[in-house]
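**Student:** here is a sequence with its predicted model. Questions after.
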Amino acid sequence: MQNITVNNANDVFTWTQLDEESKLQIPTTATNSIDLNVVLDQTSFFGSGSGTDVAINKGIFGLSKDKLLVAFTLYLGDTSTGGAGKTLTGNAYITGLAPTVSADSPVWVSPVTLTVTGNYTVS
């Protein structure tokens, strides 16, 4: 993995009311996602094609293509005081695959988006 971004985009509904000088707004439900860039090999992308573990069998491409819900856990690390760090967990669909390779970087790299269904759980 090269980098990771955790998104929590709260939507806002905006309307105009004639007796007000400014627009009015209220928050609505959030759209949660995790974006990352990963280095891929043939097995991690296409899967091994065997075994009982669905993720290993199908690979990232198969999980995305078959629209399978995956569980994720993201450990955010220890705090500066040495205490235990926070963990985000949830369920998501894998989207946004776009593998690329170049002469300057002769390994396959792809953005991956985990489109979260429901809320993050923080523990």
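**Tutor:** Structure received.
**Student:** can we go C-alpha only for contacts and neighbour counts from here?
**Tutor:** Will do.
**Student:** may I have the helix or strand of the chain with the lowest mean pLDDT exported as CSV, CA atoms only?
**Tutor:** Using mean pLDDT, DSSP states H and E, helix 42-46 stands out as the lowest-scoring helix or strand of the chain, at a mean of 86. Written as CSV, here are the backbone C-alpha positions of helix 42-46 (Å, rounded to 0.1, in the frame of the first residue of the first chain):
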residue,chain,number,x,y,z
GLN,A,42,-1.2,-11.1,-10.5
THR,A,43,-2.4,-13.1,-7.5
SER,A,44,-3.6,-10.2,-5.4
PHE,A,45,-5.4,-8.7,-8.4
PHE,A,46,-7.0,-11.8,-9.9
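**Student:** for that helix, name the packing helices and strands.
**Tutor:** Identification of packing neighbours for helix 42-46 by 3 or more C-alpha pairs under 8 Å, 6 or more residues apart in numbering; DSSP states H and E yields helix 54-65.
**Student:** sorry, back to before: tell me which residues of the least confident helix or strand of the chain are tucked away?
**Tutor:** With burial defined by 16 or more other C-alpha atoms under 10 Å, the residues of helix 42-46 counted as buried are 44-46.
**Student:** now tabulate those residues in CSV and tack on distance to Thr31.
**Tutor:** Output for those, formatted as CSV (distance: C-alpha to C-alpha, whole Å):
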residue, distance to Thr31
Ser44, 27
Phe45, 26
Phe46, 28
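**Student:** mind listing what's buried along stretch 78-96?
**Tutor:** Residues of stretch 78-96 classed as buried by neighbour count (16+ other C-alpha under 10 Å): 89-95.
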